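# Dropping a prediction and its sequence here:
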Amino acid sequence: MTNLESVGSLPRESLLALVWTSFSVACLLVILRTAIRLKFMARLTMEDYWIFLALATLLTSCVLQTIQLPNVYFMLATIAGVIPISADLIASVEAYLRFEFAIMLLFWTVLWCVKASFLALYYKLFRELQIYRRLWYILAAFTLLAYVGCWITLATSCHPITNFFKFNQCNTARDIWASRLSVYYSTAIDIFTDLCMMAMPIKLIYNLQISLKQKAGLVCVFSLCFVMIIFAIIRAKQILVEQYFVNLVLLEVWSTLTSAISVVVGCLPAFKSLIANRAATRSNHGYSSRSRDIVNSNGKLRRTSIPLDSFSNDKKRANEWHSNATDSQEDMVKPDDVHAIRVKNDVTVSYDDMDGPHPIYQNKSTDF
């Protein structure tokens, strides 16, 4: 039994640990994503439900892979000569084919659920942009048809389809060609749709009136699909071999990693909200610390800025400090403090129109 489980590129227990570790990481990221969304948005949207469906599909796939592993290692042990060829080999191969057919469909479903999550995100971004909305409908329709195409190419990779689940029945030249076509098509269309989703918002990001750092952050978010593309290519290389014999263990490894990584990538955009919120909090805290007290050249502490919520209480003080009460740029510094530093911030407080001017402030807006 020990020799049976140690054959292949990875021992059975190690492969089993990899499968469920990958799912656990994906599940943890989904939980964190959900917590972040509920904290900052107080509700879930369609993109979240697509991620939930992807995680549920990944769980189903992991369960089927766990059930399938004994058949995988029985076939590997037979091929390696660890155990003799017997009638049990036929039953193991046919059981493996049934599970593998379902696992393949679940694998594509996970990937396309993540794509649907990104499309749901784009739907909100492009809601008021007519041209982008039309492009979104085209891309969404194309993505759906591409998913249907994956099912069709898999179903036609063995003729008739019932032979797919029978021992040594899909070995004709036509079946081998159709099987390789299914792999080429699913991999190529997966990569192409990812590239389309990454390219779609590029012009919009370029035209946004935001800082270069913020643009770079958005580009990184929408470029996460590159990770999925890399894993898709590696997985395809495990299937497309010249000898027509697939390393079954490595196929399981990269299929699991690809689907789990796709769920992780689908969760990462939500973390940008957390990072941005913490960055803003640190920035506000730093500003508050700098605006409290500083030491002037005489070694005395002096207040350099006035909080907005205390502005009404400082009107009287400002009026006493300045002989010109109509000046809209208040120094907020005593005249006898010759070493004082004048501070001007970029916060603008706007007031509604009134019947007459305020006795202290004549302008409608005051810059701090």
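The structure has been received and is ready for your questions.

# Look up phi and psi at the nearest residue to residue 125 once chain neighbours are set aside.
Once flanking residues are discounted, residue 125 sits nearest to residue 201: 6.8 Å by C-beta to C-beta, 6 or more residues apart in numbering. From N, CA and C alone the C-beta is placed, and that goes for glycine too. Backbone torsions for residue 201, taken as degrees, to the nearest 10, come to phi -90, psi 10.

# Can you give me the distance of residue 201 to residue 194?
According to C-beta to C-beta, to the nearest Å, residue 201 and residue 194 sit 13 Å apart.

# Comparing those two, which residue is more hemmed in?
Just comparing residue 201 and residue 194: by other C-beta atoms under 10 Å the higher neighbour count belongs to residue 194, 24 against 19.

# Now that one: closest residue in space, sequence neighbours ignored.
Leaving aside its chain neighbours, residue 194 sits nearest to residue 225 (4.0 Å; criterion: C-beta to C-beta, 6+ apart).

# mind showing which ranges of the chain have poor pLDDT?
Counting by pLDDT under 70, the chain has low-confidence residues at 1-6, 8, 241-245, 272-368.

# now with 90?
Applying pLDDT under 90 to the chain flags the ranges 1-14, 36-45, 70-94, 96-97, 100, 121-132, 154-184, 197-254, 265-368.

# could you pull out the strands for it?
Ranges of strands in the chain, per DSSP state E, are 293-295, 301-303, 348-350, 365-367.

# contact partners of stretch 134-142?
Applying C-beta atoms under 8 Å, 6 or more residues apart in numbering, the external contacts of stretch 134-142 come out as 119, 122, 123, 126, 193, 196, 197, 200.

# Distance from the chain centre to it, please.
A distance of 20 Å separates the C-alpha centroid of stretch 134-142 from that of its chain, computed with C-alpha atoms, centre = their mean, to the nearest Å.

# again, but for stretch 69-88
For stretch 69-88, the distance from its own C-alpha centre to the chain's C-alpha centre is 40 Å (C-alpha atoms, centre = their mean).

# now stretch 63-78
In terms of C-alpha atoms, centre = their mean, the centre of stretch 63-78 is found 32 Å from the chain centre.

# Then stretch 86-98?
On the basis of C-alpha atoms, centre = their mean, stretch 86-98 sits 39 Å off its chain's mean C-alpha point.

# buried set for that stretch?
By 16 or more other C-beta atoms under 10 Å, the buried positions in stretch 86-98 come out as 89, 92, 93, 94, 95, 96, 97.

# got the CA coordinates for that stretch in CSV?
The C-alpha coordinates for stretch 86-98 follow below in CSV (Å, rounded to 0.1, in the frame of the first residue of the first chain):
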residue,chain,number,x,y,z
SER,A,86,-5.4,-6.8,-13.8
ALA,A,87,-9.1,-6.3,-14.6
ASP,A,88,-9.2,-3.7,-11.8
LEU,A,89,-7.3,-1.4,-14.1
ILE,A,90,-10.2,-1.1,-16.5
ALA,A,91,-12.6,-0.1,-13.7
SER,A,92,-10.1,2.4,-12.3
VAL,A,93,-9.5,4.1,-15.7
GLU,A,94,-13.3,4.4,-16.4
ALA,A,95,-13.9,5.8,-12.9
TYR,A,96,-11.1,8.2,-13.4
LEU,A,97,-12.5,9.4,-16.8
ARG,A,98,-15.9,10.0,-15.2
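
# Based on its surroundings, how many neighbours for the closest residue to residue 102 other than its chain neighbours?
Nearest non-adjacent residue to residue 102, counting by C-beta to C-beta, 6+ apart: residue 64, 5.9 Å away. Close neighbours of residue 64, defined as other C-beta under 10 Å, add up to 16.

# returning to that earlier point: closest one of the buried residues of stretch 86-98 to residue 247?
The nearest member of those to residue 247, counting by C-beta to C-beta, is residue 96 at 14.0 Å.

# Could you measure from the spatially closest residue to the closest one that is not a sequence neighbour over to residue 252?
Spatially, and ignoring its direct neighbours in sequence, residue 96 is nearest to residue 71 (4.3 Å; C-beta to C-beta, 6+ apart). Per C-beta to C-beta, residue 71 is found 12 Å from residue 252.

# State the distance from residue 87 to residue 26.
Distance of residue 87 to residue 26, computed by C-beta to C-beta: 39 Å.

# With residue 61 instead?
The gap separating residue 61 from residue 26 is 11 Å, by C-beta to C-beta.

# Residue 159 is in contact with residue 169, correct?
No - proximity of residue 169 to residue 159 does not meet the contact threshold set by C-beta atoms under 8 Å, at 9.8 Å.

# circling back to that earlier point, residue 95 is in contact with the residue nearest to residue 96, correct?
Yes - using C-beta under 8 Å, residue 71 is in contact with residue 95, at 5.0 Å.

# and the residue nearest to residue 125, what is it in contact with?
By C-beta under 8 Å, 6+ apart, the residues touching residue 201 are 122, 125, 218, 222.

# Now for residue 264: which residues touch it?
By C-beta under 8 Å, 6+ apart, the neighbours of residue 264 are 25, 26, 29.

# In ChimeraX, how would I select the buried members of those residues?
Selection command for ChimeraX covering only the buried members of the contacts of residue 264, criterion 16+ other C-beta under 10 Å:
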select :26,29
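
# what's the neighbour count on residue 41?
With neighbours defined by other C-beta under 10 Å, the count for residue 41 comes to 12.

# how much space between it and residue 119?
In terms of C-beta to C-beta, residue 41 sits 18 Å off from residue 119.

# cool, residue 159 as well?
34 Å.

# the more surrounded of these two?
Counting neighbours by other C-beta under 10 Å for residue 159 and for residue 119 shows that residue 119 has the greater number, 21 against 15.
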